[in-house]
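Asks: Next come a sequence and a model predicted from it.
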Amino acid sequence: MLTGSIYGWENGQDDIFNPQSSRNRDDCLEPMRLMSAVARQNGIELHTADVNAQKHLTPDFSLYVESIDFVPCGAKKNYLILYETPLTIPRNADSWYLNQFDRIFTWNKDLLHNGLQDYHGGMVMRDRFVQIQYPNPIPKECSGDFQGPTYTQRQDFVCLIGSNRHANLVDERELYSQRVKAIQWFEKNAPLDFKLYGNGWKVPQKRLGSLGKLRYRMEKAIPFLLGKPVFKSYQGPAKTKYEVLSKTRFCICFENARNIDGYITEKIFDCFFAGCIPVYWGDVGIANYIPAECFIDFRQFASYSDLYRYLKSMTPERFAQYQQAAREFLLSNQFTPFSSQNFADTIIGQIKDDFALA
């Protein structure tokens, strides 16, 4: 039996496999449970690092599910799942950090094709990178054919679900600030047609750097003194994303960054599962992965006014066409790379190969 230690899940005690975990919002831990199940089927036992340490076990391999500090543990091989872009986690483009791992699972097409050469001249060879996509658990509320409420059955018009955060590098590709611009436009021009959900929106836009933090503190003081909300459309955290999206016609669906090939997160899939039409901005080649008929491409509009007019003019029939295209995609083999099962199979399959397991 091969043993692996998982690093990067602070709760420990195998909480990452627990469907009742307080952190299992929208069943986000399903990929980890499937990975554990596939591992057992192949003679591999996975635990969080603290569990193996309590048993005084030296793992055969380590698997980092977040880009945290590397902890030498005597493992024969070390693996990293690279979820985020360097704009959010700068060390994800640091050759010194990445070279501590034998294999790095990533969606990043540039790394997969070319490897990495960082700003210091350090290199990571491309054969260390293994392709995965963000895994997307299907909500339990979904029917087998992904039929959802129709246009007329949805009471809300446009929403945005996300947390109030900022990029950790200065880069024109970041979209955190563009989400705020979208929120501000709708609050000013179409306040009755827009609702904001997520964490951290009781305070102003989070900003990068010392000057950004100073501006944030100044902006935070004014609404506090006046007793006014910062974002008037804020509804609080979503109980579940499916609950919000299934009652809403359109969702502002911006990735954390744009124009990074392969960076497609759960956001657009959350919309598809609930039959909500995403207004998407992110991967420059999104239509290479997901048919263009499934979503509204934000880049096709010169302004939010143009976008809003398009949304308001949409007929129930046209809305149903978007929904049908998304359902067909979800039921096709095109969705397979984005599934939780494919995520688990790919990672465990690579570990099997590396340890020459039958």
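Replies: In hand now; what should we look at? Numbers count the residues shown, from 1 in each chain.

Asks: all helices in the stretch 1-150 of the chain, in order from the N-terminus.
Replies: 30-41, 49-54, 95-98, 109-114 (DSSP state H, counting those that start in this stretch).

Asks: got the buried residues for the third one?
Replies: Under the neighbour-count criterion of 16 or more other Cβ atoms under 10 Å, helix 95-98 has 95, 97, 98 buried. In this view, the C-beta of every residue, glycine as well, is placed from N, C-alpha and C.

Asks: Highest mean neighbour count out of the helices of the stretch 1-150 of the chain?
Replies: Compared across the helices of the stretch 1-150 of the chain, helix 30-41 shows the largest average neighbour count, a mean of 20 (mean count of other Cβ atoms under 10 Å).

Asks: Using PDB, list the CA coordinates for it.
Replies: The C-alpha coordinates for helix 30-41 follow below in PDB (Å, rounded to 0.1, in the frame of the first residue of the first chain):
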ATOM      1  CA  GLU A  30     -16.200  16.300  -4.000                       C
ATOM      2  CA  PRO A  31     -13.000  16.100  -6.200                       C
ATOM      3  CA  MET A  32     -11.000  15.200  -3.100                       C
ATOM      4  CA  ARG A  33     -13.400  12.500  -2.000                       C
ATOM      5  CA  LEU A  34     -13.300  11.000  -5.500                       C
ATOM      6  CA  MET A  35      -9.500  11.200  -5.500                       C
ATOM      7  CA  SER A  36      -9.300   9.300  -2.200                       C
ATOM      8  CA  ALA A  37     -11.700   6.700  -3.600                       C
ATOM      9  CA  VAL A  38      -9.700   6.200  -6.800                       C
ATOM     10  CA  ALA A  39      -6.500   6.100  -4.800                       C
ATOM     11  CA  ARG A  40      -7.900   3.200  -2.600                       C
ATOM     12  CA  GLN A  41      -9.000   1.300  -5.700                       C
END
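
Asks: ok, now how distant is the residue lying closest to residue 253 once chain neighbours are set aside from residue 324?
Replies: Computed as Cβ to Cβ, 6 or more residues apart in numbering, the closest residue to residue 253 that is not its neighbour in sequence is residue 278, at 3.7 Å. Here the criterion is Cβ to Cβ, to the nearest Å. By it, residue 278 lies 15 Å from residue 324.

Asks: what about the two, which has more around it?
Replies: residue 278 (25 against 15; other Cβ atoms under 10 Å).

Asks: Would you confirm that the more buried one belongs to a strand?
Replies: Yes - applying DSSP: H, G, I helix; E, B strand; the rest coil, one finds residue 278 inside a strand.

Asks: so it touches residue 248, yeah?
Replies: No - under the criterion of Cβ atoms under 8 Å, residue 278 makes no contact with residue 248, lying 10.7 Å away.

Asks: By mean pLDDT, which helix or strand of the protein comes out lowest?
Replies: Every helix and strand of the chain was ranked by mean pLDDT, DSSP states H and E. The lowest is helix 209-226, at a mean of 70.

Asks: what helix or strand does the residue nearest the centre of the chain sit in?
Replies: Residue closest to the average C-alpha location in the chain (Cα atoms, centre = their mean): residue 265, at 3.8 Å. Taking DSSP states H and E as the definition, residue 265 sits outside all helices and strands.

Asks: so what pLDDT did it get?
Replies: Residue 265 carries a pLDDT value of 98.

Asks: and it, what does it touch?
Replies: 134, 255, 256, 282 (Cβ atoms under 8 Å, 6 or more residues apart in numbering).

Asks: Select from those the one having the most neighbours.
Replies: residue 255 (24 neighbours).

Asks: That residue contacts residue 281, doesn't it?
Replies: Yes - counting by Cβ under 8 Å, residue 255 touches residue 281, with 6.9 Å between them.

Asks: picking that back up, name the residues linked to the residue nearest to residue 253 by a beta bridge.
Replies: Beta bridges link residue 278 to residue 251, judged by DSSP bridges.

Asks: would you turn the helices of the stretch 1-150 of the chain into JSON lines with distance to residue 342 and mean pLDDT?
Replies: Formatted as JSON lines, the helices of the stretch 1-150 of the chain follow (distance: least, Cβ to Cβ, whole Å; pLDDT from 0 to 100):
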{"stretch": "helix 30-41", "distance to residue 342": "9", "mean pLDDT": "98"}
{"stretch": "helix 49-54", "distance to residue 342": "25", "mean pLDDT": "96"}
{"stretch": "helix 95-98", "distance to residue 342": "23", "mean pLDDT": "97"}
{"stretch": "helix 109-114", "distance to residue 342": "16", "mean pLDDT": "97"}
